[in-house]
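[1] pasted the sequence and its predicted model underneath.
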Amino acid sequence: MGRRRRDDGPRVDGILVVSKPAGPTSHDIIDTVRRLTGVRRVGHGGTLDPFAMGVLPVFIGRATRMVDYHRRDSKAYRASVVFGASSTTDDIDGEMIPGEAPPPERGAVEEALGAFRGAIEQVPPDHSAVHVGGKRAYELARGGEKPELQARAVTIHALELTEWDTADPERPLAVIDVHCSAGTYVRSIARDLGQQLGCGAYLGALTRTASGPFELASAHSLEHVRSELADGNLESLLLSPDAGLDHIPMVRIPDSDREAIARGQIIRVRGEVSGPVDPAAVLEKADVVRVLDGRGTLAAMAHVSRGRLYPDKVFITPGDLTTA
């Protein structure tokens, strides 16, 4: 798979689940991890807006090649929706426009939420990163243009109102829990909810509580990450590169096949097969499997056809008994 360049930094592979604070961008978090670890290859598993908080999976080293397997992960959020006005950005950072109808009662909001559950069509916010004619929608919106955005299909698995705050009767606030498919804009839910009720609404706060298998309860604060990295404790924070992929079958190969896999060669499945599916079915054909060596180290991601492993992404180096 090629020799590491001298400027690649230390050899570190794994997933760091960060609890992003409000303020920095997702890219700011990546830059911070890159600077503190000295590792150049760092990516994240789904952008959070600067004002948003919560789970941000950070993929380090060769684990960046695992992002593809998490792109369709569902997400969970806790959102504060403010009624009585709309926003040019559909969130608290935009210019506010007073609503035409009076603010709603809690019962009206709970009833309106029913239209947003299940499979729905949703138009992304004007201030989003969606490409329109070669530009980002937010670039057009900031330039005074109205982006022509197409509705897209998303799925809202669960949507519940958990708190209702009328401390400001002109701007009542609903806290809602959302479990949704990848690609869903919670800002759009707030915007559309306000339009349906006629009073306007915008997103006042947002916390991502889960990104696929990664949950807020086990995420590390940025302060804790800085402290641990300063003490050289990066490894204690990292999950394995295949963390959260328990739904993908696993093939444990014998040591005699390790070199062949490291070179990207096709091999017969001769080791233990396990996972959430029938092993016999995996041996016949599997879209993707995790390949582990005898020590439990992730060696490759591969697909199976007629009892043979075809490596797609290799994570070990020939002649090296450590991860690369």
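    Okay, I see it.
[2] only C-alpha atoms for contact and neighbour calcs from this point on.
    Will do.
[3] quick one: the strands in the stretch 101-250 of the chain?
    Ranges of strands in the stretch 101-250 of the chain, per DSSP state E, counting those that start in this stretch, are 118-122, 131-132, 135-136, 152-165, 173-180, 201-211, 214-215, 220-221, 250-252.
[4] got JSON lines for the ones you listed, with distance to residue 298 too?
    What follows is these, written out as JSON lines (distance: least, CA to CA, whole Å):
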{"stretch": "strand 118-122", "distance to residue 298": "36"}
{"stretch": "strand 131-132", "distance to residue 298": "35"}
{"stretch": "strand 135-136", "distance to residue 298": "37"}
{"stretch": "strand 152-165", "distance to residue 298": "32"}
{"stretch": "strand 173-180", "distance to residue 298": "30"}
{"stretch": "strand 201-211", "distance to residue 298": "22"}
{"stretch": "strand 214-215", "distance to residue 298": "19"}
{"stretch": "strand 220-221", "distance to residue 298": "24"}
{"stretch": "strand 250-252", "distance to residue 298": "9"}
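[5] would you turn those strands into a markdown table with mean pLDDT, mean neighbour count and distance to residue 107?
    Formatted as a markdown table, these follow (pLDDT from 0 to 100; neighbours: other CA atoms under 10 Å; distance: least, CA to CA, whole Å):
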| stretch | mean pLDDT | mean neighbour count | distance to residue 107 |
| --- | --- | --- | --- |
| strand 118-122 | 97 | 15 | 20 |
| strand 131-132 | 77 | 14 | 37 |
| strand 135-136 | 78 | 14 | 38 |
| strand 152-165 | 98 | 16 | 10 |
| strand 173-180 | 98 | 22 | 11 |
| strand 201-211 | 98 | 24 | 16 |
| strand 214-215 | 97 | 20 | 30 |
| strand 220-221 | 97 | 18 | 36 |
| strand 250-252 | 91 | 24 | 48 |
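[6] so which of those is nearest residue 28?
    strand 220-221 (14.3 Å; CA to CA).
[7] the closest one pairs with which strands, and in what direction?
    When pairing is defined by DSSP bridges, strand 220-221 lines up against strand 14-20 (parallel).
[8] buried ones in the partner strand?
    Across strand 14-20, burial judged by 16 or more other CA atoms under 10 Å covers 14-20.
[9] repeat that for stretch 261-273.
    Neighbour counts over stretch 261-273 (16+ other CA under 10 Å) mark 261-264, 267, 269, 271, 273 as buried.
[10] for this protein, which spans come out with low pLDDT?
    Along the chain, the parts satisfying pLDDT under 70 run over 1-10, 275-284, 320-324.
[11] and the helices in the protein?
    Using DSSP state H, the helices of the chain run over 26-37, 106-113, 137-142, 186-197, 222-230, 234-237, 258-262, 279-284.
[12] give me the contacts around the second one.
    With CA atoms under 8 Å, 6 or more residues apart in numbering as the contact definition, helix 106-113 has outside contacts at 159-161, 164, 193, 196-197.
[13] which one of those sits closest to residue 89?
    Closest approach to residue 89 among these (CA to CA): residue 193, at 14.8 Å.
[14] closest to residue 90 out of the strands of the stretch 101-250 of the chain?
    Evaluated with CA to CA, the strands of the stretch 101-250 of the chain place strand 201-211 nearest to residue 90, the distance being 5.0 Å.
[15] check the offset of that closest one from the chain's centre.
    Offset of strand 201-211 from its chain centre (CA atoms, centre = their mean, to the nearest Å): 14 Å.
[16] also stretch 26-42?
    For stretch 26-42, the distance to the chain centre is 17 Å (CA atoms, centre = their mean).
[17] can you give me the buried ones in it?
    Buried positions in stretch 26-42, judged by neighbour count with 16+ other CA under 10 Å: 26, 29-30, 33-34, 37, 39-42.
[18] could the residues you listed go into a markdown table alongside distance to residue 211?
    A markdown table is the format used below for the buried residues of stretch 26-42 (distance: CA to CA, whole Å):
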| residue | distance to residue 211 |
| --- | --- |
| 26 | 14 |
| 29 | 16 |
| 30 | 17 |
| 33 | 19 |
| 34 | 21 |
| 37 | 23 |
| 39 | 23 |
| 40 | 23 |
| 41 | 21 |
| 42 | 18 |
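[19] now, among these, which is nearest to residue 50?
    Nearest to residue 50 out of these is residue 26 (CA to CA; 7.2 Å).
[20] so can I have TSV of the contacts of helix 106-113 showing distance to residue 101?
    Shown next, in TSV, are the contacts of helix 106-113 (distance: CA to CA, whole Å):
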residue	distance to residue 101
159	24
160	23
161	21
164	19
193	13
196	11
197	8
